[in-house]
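Participant: For reference, the sequence and a predicted model appear below.
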Amino acid sequence: MESERPAAATRNRITLFRAGEGIPLDHETMPFAGMDTETMAGLARVMASGPRAADGSHTTILFQSGGEQGVSLSHAWFKSGFISPRHSHNADCIYYILAGEAHFGAACLAKGDGIFVPADHGYVLTAGEEGCELLEFRNAAQFNIHFKGNDDAHWEKIARSYADHMPGWESEVPPSRQ
């Protein structure tokens, strides 16, 4: 059964949200920005790495409140070998690692670690060999993803990693359940 969008919460009220009521993050809830021909070609290269290329990450919006001036909380699971394109968002974000490892540049974050990424600051997230589960706290209920600064070498690195790891993704379980 497809999830319905959670009711928009009013900022000045206590609002409950429950496990299983979240909605998948998709291109409608997080629109793409910076989509030039090079970015389109890079994304196509990644998707051509195998039939399950889109299965490398799963993000669920657990809570949204107050529109552009609101807040949001999401749970993300990045499977082993997942590498994101260099991108930014138009909202500040705090990532809190629940299980597994995530690499942000040279920094390796594990369970209990976190990182603050300011709005419009470009970064790459690389999941560790067990994958990574994290929470995303944002200072906006609505935000975009802006692809920028990806060269052919980075797109190729993503495509190679996906092709290498994809055969195991179907049976992979989140690191919190390993």
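Facilitator: Cool, got the structure. Residues are numbered from 1 along each chain as shown.
Participant: in the longest strand that the chain contains, what counts as buried?
Facilitator: When the chain is parsed with DSSP state E, its longest strand is strand 125-138. Across strand 125-138, burial judged by 16 or more other CB atoms under 10 Å covers 125-128, 130-134, 136-138. In short, each C-beta sits where N, CA and C put it, glycine included.
Participant: again, but for stretch 111-120
Facilitator: Across stretch 111-120, burial judged by 16+ other CB under 10 Å covers 115, 117.
Participant: cool, stretch 46-55 as well?
Facilitator: For stretch 46-55, using 16+ other CB under 10 Å, the buried residues are 46, 49-50, 53.
Participant: what's next to it, contact-wise?
Facilitator: With CB atoms under 8 Å, 6 or more residues apart in numbering as the test, stretch 46-55 has contacts from 79, 85, 155, 158-160, 162-163, 166, 169-170.
Participant: try 6 Å
Facilitator: Contact with stretch 46-55 is made by 158-159, 162-163, 166, 169, as judged by CB atoms under 6 Å, 6 or more residues apart in numbering.
Participant: Any quick ChimeraX command for the buried ones out of those residues?
Facilitator: To isolate the buried members of these in ChimeraX, using 16+ other CB under 10 Å:
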select :158,159,162,166,169
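Participant: Let me have the contacts of stretch 46-55 in CSV, extended by pLDDT.
Facilitator: Below are those laid out as CSV (pLDDT from 0 to 100):
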residue, pLDDT
158, 97
159, 97
162, 96
163, 96
166, 96
169, 96
